[in-house]
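Colleague: Sequence first, then the predicted structure, then my questions.
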Amino acid sequence: MNERAAPWVTGAVYGIVLAAGLYYAVAGLGAVSPLRTAGFGACVLALFAVEPLAARFDRGAGAAVGFLLARVALFAAAAALDGSGLSRALFVLVPFLAYLSLGRVAGLVAGGVCLAVLVAGFAVWVPGWYRDAVYVSDLLMFGMGVVLAVAMADVVTRERRAAARVGELSAAAERNRVARDIHDSLGHHLTAISIQLEKAAAFRPHDPDIADRAVADARKSARLALEDVRASVGALRSPVSLTTALADLLTDDDTPTVTLRIEGTERPTDQATVTTLFRAAQEALTNTRRHAAATRVTITITFTPHDLTLTIHDNGRGFASPTPVESLHPPAHPEGFGLLGLRERAALVGGVVHIDSAPGAGTTITLRVAS
């Protein structure tokens, strides 16, 4: 674990200790030689220099222990040279740094060791210290400092974990977005290309004109697929109107015949909603071409003051509508993934999807998004 969160805390403590020690010497609050004051200042400046080195070269437990021992040695040197005795506060940082660099147990052990050393020092050099309010107060204040240092290190550690988790979730969301885009856009165009090429092969011996038109449509689908891939990878699609985007789905292909109906007056719509509705229509057309054997598809977009509704209806073979449970947990096959992706997209913009279908009665997909 690195210590990048520590420098601002350690730097603040070092600065306070340095200012207090220098003030003690300059103000003449006690008898301190200039040489000792210079040595004290050099130790604190060395501590400032250690922090960026630790942040840069802290790799593994061995380096963490080495940097921690280096700091403790400088803490001891500064405390020995500081006539005011205020530098002892530096030892509060020991459990804080140990927690961040070596973990929770190391931080707690370091805090306990610091308190034990302080009590042992009092017992050796100050007989009867426990009856002196000053020393008892020092011990209590140091103990509180250790507790606060450990608590702060725990908060920093939790924030790091939370930030890492947010990063993982963001990466997963982006992967899902790319997967949906590839499935809905590239899958749609590849289906169209496959159908057009099969049509060209079938009609070539009988009607070369229809075959040539099918090949031209296949080329157009390939070009659109390339544009969609570029837009999905870059996520920089230029804002377009919903009706303009849906109009791109109308092709010269006569199987099935696609009709676009606009009800109401289009108003400015955020790009996420436009993309969601466009991909929904695209996915519905792909499924119709693959599975429905439909001859007609009607895409209707309805603008009202309160919501925006996209309806895709085909006259294909239809299927048994999913139960509510199946609707929430579609089967793990390509069709299921398409419907799952559609529901995920709708949820991202606060939309609701409804699917109405029955064997022999065609399929109607409705996606409603509040304005």
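Modeller: Great, that's in hand.

Colleague: starting at the chain centroid, how far to the helix or strand where Leu169 lies?
Modeller: In this structure, Leu169 sits in helix 133-181 according to DSSP states H and E. When distances are taken as CA atoms, centre = their mean, to the nearest Å, helix 133-181 is centred 17 Å away from the chain's centroid.

Colleague: Which residue ranges of the stretch 251-371 of the chain form strands?
Modeller: Taking DSSP state E, counting those that start in this stretch to define them, one finds strands in the stretch 251-371 of the chain at 257-263, 296-303, 307-314, 352-357, 363-370.

Colleague: Now do the shortest one: which elements does it pack against?
Modeller: This points to strand 352-357. Strand 352-357 sits against helix 334-348, strand 363-370, with contacts defined as 3 or more CB pairs under 8 Å, 6 or more residues apart in numbering; DSSP states H and E. In this view, the C-beta of every residue, glycine as well, is placed from N, C-alpha and C.

Colleague: Next, the closest residue to Cys43 other than its chain neighbours: phi, psi?
Modeller: Counting by CB to CB, 6 or more residues apart in numbering, Cys43 lies nearest to Ala78, which is 3.9 Å off, once chain neighbours are set aside. With angles defined as degrees, to the nearest 10, Ala78 sits at phi -60, psi -40.

Colleague: quick one: Ala78 and Ala38 touch, right?
Modeller: No: between Ala78 and Ala38 there is no contact under CB atoms under 8 Å: 12.0 Å.

Colleague: Give me the more crowded residue out of these two.
Modeller: Ala78 (25 against 12; other CB atoms under 10 Å).

Colleague: Show me what counts as buried in stretch 301-320.
Modeller: 301, 303, 308-319 (16 or more other CB atoms under 10 Å).

Colleague: Farthest-apart pair in those residues, please.
Modeller: Phe303 and Arg317 (31.3 Å; CB to CB).

Colleague: Low-confidence regions, the stretch 151-300 of the chain specifically.
Modeller: 230-240, 251-255 (pLDDT under 70).

Colleague: so where do the helices sit in it?
Modeller: Applying DSSP state H, counting those that start in this stretch to the stretch 151-300 of the chain gives helices spanning 187-203, 208-234, 242-247, 271-287.

Colleague: can you map out the helices along the stretch 1-150 of the chain?
Modeller: Using DSSP H, counting those that start in this stretch, helices in the stretch 1-150 of the chain cover 7-26, 34-57, 61-81, 93-102, 104-125, 133-181.

Colleague: Deepest-packed of these, please.
Modeller: Mean neighbour count, computed with mean count of other CB atoms under 10 Å, is highest for helix 93-102 among the helices of the stretch 1-150 of the chain, reaching a mean of 25.

Colleague: Deepest-packed of the helices of the stretch 151-300 of the chain, please.
Modeller: helix 271-287 (a mean of 23).

Colleague: if we can go back for a sec, the strands of the stretch 251-371 of the chain: which one's closest to Val13?
Modeller: strand 363-370 (52.7 Å).

Colleague: name the helices or strands packed onto the closest one?
Modeller: helix 271-287, strand 307-314, helix 334-348, strand 352-357.

Colleague: Do me a favour and get the end-to-end distance for stretch 122-141?
Modeller: 15 Å (CA to CA, to the nearest Å).

Colleague: Now it: average pLDDT?
Modeller: Averaged across stretch 122-141, the pLDDT comes to 88.

Colleague: Quick check: the gap between the residue nearest to Cys43 and Leu22.
Modeller: Remark: distance between Ala78 and Leu22 (CB to CB, to the nearest Å) = 12 Å.

Colleague: For Thr269, the count of nearby residues, please.
Modeller: 18.

Colleague: What sits closest to it if chain neighbours are left out?
Modeller: Nearest one to Thr269, counting by CB to CB, 6+ apart, is Leu242 at 5.8 Å.
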